[in-house]
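Colleague: pasting the structure only:
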């Protein structure tokens with residue numbers, strides 16, 4: 001029987017050990033905001049032409065699969081090819097956030113299983129993490145092109161849990177976008193908002209995460225101690 005989300009959160013609060021953490025990629029593990037901005041501007045100029053690229057609107061939809069964002073924004077799907085090309089070209093300029101390497105090491109030492117569930121395609125995500133030298137830290141890295149329904153649907157988190165062999169009651173999803181929290185909620189895992197990247201804190205808090213963390217160190221403490229009790 002699948003635990004309900006309330007049961008999952010209550011289990012964590014009652015001291016059940018977190019056995020798995022599912023991470024979003026951009027804005028949580030990798031500081032890729034400026035690379036995405038530059039890639040988007042180049043792709044927009046190449047496909048659409050002159051005029052300001054609506055990156056701020058694009059940014060509001062981060063966490064979703066790129067083609068889905070284009071459909072929402074009414075932009076040509078042809079932007080994907082130059083956007084992906086430039087993202088690969090500029091990938092060396094997207095570092096891990098400070099504290100992330102130590103976080104991954106310590107979670108591994110605790111025996112916590114790790115996965116990535118990202119709006120990127122699987123090949124792009126794995127290439128980026130491999131270039132950063134941390135791909136081997138994760139048991140599984142899943143992209144939005146590898147599930148039937150990308151975030152905010154729960155499919156990608158549910159697939160990660162299936163591959164990890166871990167139930168929802170023993171897992172957390174960590175993201176920096178409302179779509180990440182919605183995906184976590186649909187998968188009935190603890191939803192954790194990460195604030196160390198460039199994100200809209202007010203929107204994340206309004207989405208009702210189970211916990212908010214401001215640094216990788218705070219996330220490590222959360223994994224060790226479980227979610228806080230409701231106020």
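Modeller: That came in fine, so what should we check first? Computed from a prediction, not measured in an experiment: that's the story for all the values here.
Colleague: only C-alpha atoms for contact and neighbour calcs from this point on.
Modeller: Noted.
Colleague: care to break this structure down by domain?
Modeller: In the domain annotation for the chain, the residue ranges read 5-31+95-225, 33-93 (automatic domain parsing).
Colleague: Ends of the shortest one, what's the gap?
Modeller: In domain 33-93, first residue to last residue: 10 Å (Cα to Cα, to the nearest Å).
Colleague: just stretch 74-94 next, same as before
Modeller: 28 Å.
Colleague: Repeat that for stretch 137-153.
Modeller: Using Cα to Cα, one end of stretch 137-153 lies 26 Å from the other.
Colleague: in it, what's buried?
Modeller: Residues of stretch 137-153 classed as buried under the neighbour-count rule (16 or more other Cα atoms under 10 Å) are 137-138, 140-147, 150-153.
Colleague: could the domains of the chain go into TSV alongside mean pLDDT?
Modeller: Below are the domains of the chain laid out as TSV (pLDDT from 0 to 100):
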stretch	mean pLDDT
domain 5-31+95-225	92
domain 33-93	94
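Colleague: Deepest in the core, which of those domains is it.
Modeller: Greatest average neighbour count among those goes to domain 5-31+95-225 (a mean of 20), per mean count of other Cα atoms under 10 Å.
Colleague: Can you give the distance of that domain from its chain's centre?
Modeller: For domain 5-31+95-225, the distance from its own C-alpha centre to the chain's C-alpha centre is 6 Å (Cα atoms, centre = their mean, to the nearest Å).
Colleague: Sticking with residue 149, tell me its helix or strand.
Modeller: In the assignment (DSSP states H and E), residue 149 maps to no helix and no strand.
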